[in-house]
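Q: Show me how the following folds:
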Amino acid sequence: MCEINKLTNGSCLTNAAGIKGTGYMAPAEEFASWPAYQTPSAAGDGKTVQLSGNFSFTGAGSGKGYFRSFPMLMEKGGVSYKAVGGTGSKSLEVIFTFYVVGLDAVQLEWLKDVKNIPGVFLCPDKNGTLHTLGTKDDPAYLQEADGGTGVAATDDRGTLYTIRWITSTPTLYTGTINQTPI
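A: Here you go, the predicted structure:
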């Protein structure tokens, strides 16, 4: 049986657009277990898209089992959700775009490292929501990265990344972001 609830807003809704300046990524293979979705306490409270606990990296191996942070230019990124597919068989395409300033050795090495890794990405938005792309068993991937040095003094110098994930359920994380290797 399908379930849909009444959509409500708070009286003083804050709705700032954009993302915060730091994102997070961990390879999918490093996760030991995945938290379940929360149990709703009232119809339409949003809990069915929020994870109930912390990610576990137990057994990932020495020097692994943590989220790697990366800087994002706040004015050039965001998360979008789009319903895709045929009538009666829709999925959600979740796109996370972010811009990393610079095109030096450290930025290019990070591009080399992340380009083919199935992973889980966390994107904090300016409202404090932590959007999650990918799971342990259904990871997100880099769809494209477009970078350059620029030509004129007014041009950007850096790389725009696009992460893509197809899912049936949007996922928000409310737990701790572990940034310490095992």
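Q: burial measure for Ile19, as a count.
A: Per other C-beta atoms under 10 Å, the neighbour tally for Ile19 reads 24. For glycine as for every other residue, the C-beta is placed from the backbone atoms N, C-alpha and C.
Q: typed the wrong thing, it's Phe31
A: 22.
Q: confidence score at it?
A: As predicted, Phe31 sits at a pLDDT of 97.
Q: so what's it up against?
A: Phe31 is in contact with Phe55, Ser56, Phe57, Ala60, Val120, Lys136, counting by C-beta atoms under 8 Å, 6 or more residues apart in numbering.
Q: repeat for Thr162
A: Contacts of Thr162 by C-beta under 8 Å, 6+ apart are Ile95, Phe96, Thr97, Leu142, Gln143, Glu144, Ala145.
Q: Next, format those residues as a markdown table and append pLDDT, neighbour count and distance to Ile4.
A: Shown next, in a markdown table, are the contacts of Thr162 (pLDDT from 0 to 100; neighbours: other C-beta atoms under 10 Å; distance: C-beta to C-beta, whole Å):
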| residue | pLDDT | neighbour count | distance to Ile4 |
| --- | --- | --- | --- |
| Ile95 | 98 | 16 | 24 |
| Phe96 | 98 | 25 | 26 |
| Thr97 | 98 | 19 | 29 |
| Leu142 | 98 | 18 | 34 |
| Gln143 | 98 | 13 | 30 |
| Glu144 | 98 | 11 | 35 |
| Ala145 | 98 | 15 | 38 |
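Q: ok, which pair from the residues you listed is furthest apart?
A: Ile95 and Ala145 (13.5 Å; C-beta to C-beta).
Q: quick revisit: reformat the contacts of Thr162 as TSV; add distance to Phe67 and secondary structure.
A: Output for the contacts of Thr162, formatted as TSV (distance: C-beta to C-beta, whole Å; DSSP: H, G, I helix; E, B strand; the rest coil):
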residue	distance to Phe67	secondary structure
Ile95	20	strand
Phe96	14	strand
Thr97	19	strand
Leu142	16	strand
Gln143	20	strand
Glu144	22	strand
Ala145	20	strand
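Q: Just say helix, strand or coil for Asp113.
A: The three-state label given to Asp113 by DSSP: H, G, I helix; E, B strand; the rest coil is helix.
Q: quick one: it from Met25, how far?
A: 10 Å (C-beta to C-beta, to the nearest Å).
Q: between the two, who's got more neighbours?
A: Set Asp113 next to Met25 and count neighbours by other C-beta under 10 Å: Met25 wins out with 22 against 12.
Q: Show the backbone phi and psi for the closest residue to Thr22 other than its chain neighbours.
A: Leaving aside its sequence neighbours, Thr22 sits nearest to Ser69 (C-beta to C-beta, 6 or more residues apart in numbering; 5.2 Å). The phi and psi values for Ser69, taken as degrees, to the nearest 10, are phi -90, psi 160.
Q: Count the neighbours of Ser69 for me.
A: If you count neighbours by other C-beta under 10 Å, Ser69 ends up with 13.
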